[in-house]
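[1] Sequence first, predicted coordinates after that:
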Amino acid sequence: MSEGRSMDDARRRGYLDALGVTIWERRAPLAAVADQIEIAPVAPEPISPPLPSPPEPVQTKLERLPLPSREGAGGRGAERLPPIEIEPDPMPFDRFDESGCSPALLDAWDAIAHLPPASDRPGNAIERMDWETLEATVTGCRACGLCATRTRTVFGVGRRDADLMIIGEAPGADEDREGEPFVGRAGQLLTRMLAAIGFSREQVYIANVLKCRPPGNRDPHADEVLHCEGYLLRQVALVQPRVILAAGRIAAQQLLKTDVTVGRLRGRWFSFGPSAIPLRVTYHPAYLLRSPDQKAKAWEDLTRIRRRLDGADA
């Protein structure tokens, strides 16, 4: 067997020599070759550097501010917060009314809701109106149902810086027609009463609780008085009288916010409004025309007013 293998080797070498191959080695089995091969270790793929750990939370300026103590600003260990600078309001407050809205915005809402303009609503900036604006507002007022039955509004008449202001209840038929308070027979009697204590109509200021005539001269309704109240209060504020004379039940009860009768209210001094204006109650001239026996009491009321204005009656 070994001889045959040697012959084969010799024959192969002869073939190789003929082919020009000078070196020939017997091929080793695959398993033996594998044992002689050195396998270089494979370099591991580079590992990405680890993500950085999250940074420590940064303390904001607000968090660094000292917090107030639970014990209050004056308690032990309390710390005061730094002052806060507030930018000035670009729109002054006088451009807004008590609801927090501008008059222009209120008018826009009113137009959508088919309501009267904001200028017709009592209390809407009336306290800032001058005489001309106030009178124009009253002339165009449609705040209550009396606007549908009136002929003219009755604003007021007389000296606008008078010492004495006379306030009646509501216009009658003559006042509705002429647009002036206390005309007709009752107005003529009032003129004579004023003359008796040394005043002319032009020296006093005369106004009514209502600026429109109630149909049939009925008593004013509560909502009607409420709608006109702002107008009257503004008139009082503009006149700044030294004394107010409330003529009749409606005027006295509305000004004093009471239901006491005129007979019990007259004969005393009251203080009206934030300025504590001295106020006196007397009978309405129309009532005196019907009850002339009460004129003596009205005369007493007028003489006390005259003395008060002269500084002789406190």
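    Noted; the coordinates are in hand.
[2] gap between residue 251 and residue 285?
    12 Å (Cβ to Cβ, to the nearest Å). Every C-beta, even on glycine, is put in place using the N, C-alpha and C of the backbone.
[3] Please say which of those two ends up with more neighbours.
    residue 251 (26 against 23; other Cβ atoms under 10 Å).
[4] could you pull out the strands for the stretch 101-250 of the chain?
    Remark: strands assigned in the stretch 101-250 of the chain by DSSP state E, counting those that start in this stretch are 157-158, 164-168, 205-208, 243-247.
[5] Pairing partners for the second one, with directions?
    Strand 164-168 has these partner strands in its sheet, going by DSSP bridges: strand 205-208 (parallel), strand 243-247 (parallel).
[6] Same list (those) but as CSV, adding mean neighbour count.
    Below are these laid out as CSV (neighbours: other Cβ atoms under 10 Å):
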stretch, mean neighbour count
strand 205-208, 25
strand 243-247, 26
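[7] For the ones you listed, could you give me JSON lines that also reports distance to residue 291?
    As requested, the strands paired with strand 164-168 are exported to JSON lines (distance: least, Cβ to Cβ, whole Å):
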{"stretch": "strand 205-208", "distance to residue 291": "21"}
{"stretch": "strand 243-247", "distance to residue 291": "14"}
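[8] Including distance to residue 143 and mean pLDDT, could those go into JSON lines?
    As requested, the strands paired with strand 164-168 are arranged in JSON lines below (distance: least, Cβ to Cβ, whole Å; pLDDT from 0 to 100):
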{"stretch": "strand 205-208", "distance to residue 143": "16", "mean pLDDT": "98"}
{"stretch": "strand 243-247", "distance to residue 143": "23", "mean pLDDT": "98"}
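[9] which stretch among those strands comes nearest residue 136?
    strand 205-208 (16.0 Å; Cβ to Cβ).
[10] ok, now how distant is residue 236 from residue 221?
    According to Cβ to Cβ, residue 236 stands 22 Å off from residue 221.
[11] hang on, residue 228 packs against residue 210?
    Yes - if you go by Cβ atoms under 8 Å, residue 228 and residue 210 touch, sitting 5.2 Å apart.
[12] Quick check on the two: which one has the bigger neighbour count.
    A count of neighbours by other Cβ under 10 Å puts residue 210 above the other of residue 228 and residue 210, at 28 against 25.
[13] For the residue lying closest to the more buried one once chain neighbours are set aside, give me phi and psi.
    Excluding its sequence neighbours, the residue lying closest to residue 210 (Cβ to Cβ, 6 or more residues apart in numbering) is residue 170, at 3.9 Å. Note on residue 170: backbone dihedrals following degrees, to the nearest 10 are phi -160, psi 160.
[14] For residue 170, give its distance to residue 132.
    For residue 170 relative to residue 132 (Cβ to Cβ), the value is 24 Å.
[15] Those two: which is more packed in?
    The neighbour comparison of residue 170 against residue 132 (other Cβ under 10 Å) goes to residue 170, with 26 against 8.
[16] Touching, the more buried one and residue 215? I think so.
    No - between residue 170 and residue 215 there is no contact under Cβ under 8 Å: 10.9 Å.
[17] where along the chain do the helices fall?
    2-19, 30-36, 61-64, 103-113, 131-139, 173-178, 184-196, 222-239, 249-256, 262-265, 285-290, 295-309 (DSSP state H).
[18] Format the ones you listed as a markdown table; extra columns: mean pLDDT.
    Formatted as a markdown table, these follow (pLDDT from 0 to 100):
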| stretch | mean pLDDT |
| --- | --- |
| helix 2-19 | 63 |
| helix 30-36 | 49 |
| helix 61-64 | 40 |
| helix 103-113 | 45 |
| helix 131-139 | 96 |
| helix 173-178 | 95 |
| helix 184-196 | 95 |
| helix 222-239 | 95 |
| helix 249-256 | 96 |
| helix 262-265 | 96 |
| helix 285-290 | 96 |
| helix 295-309 | 96 |
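[19] Residue 163: which of those helices is closest?
    helix 295-309 (5.6 Å).
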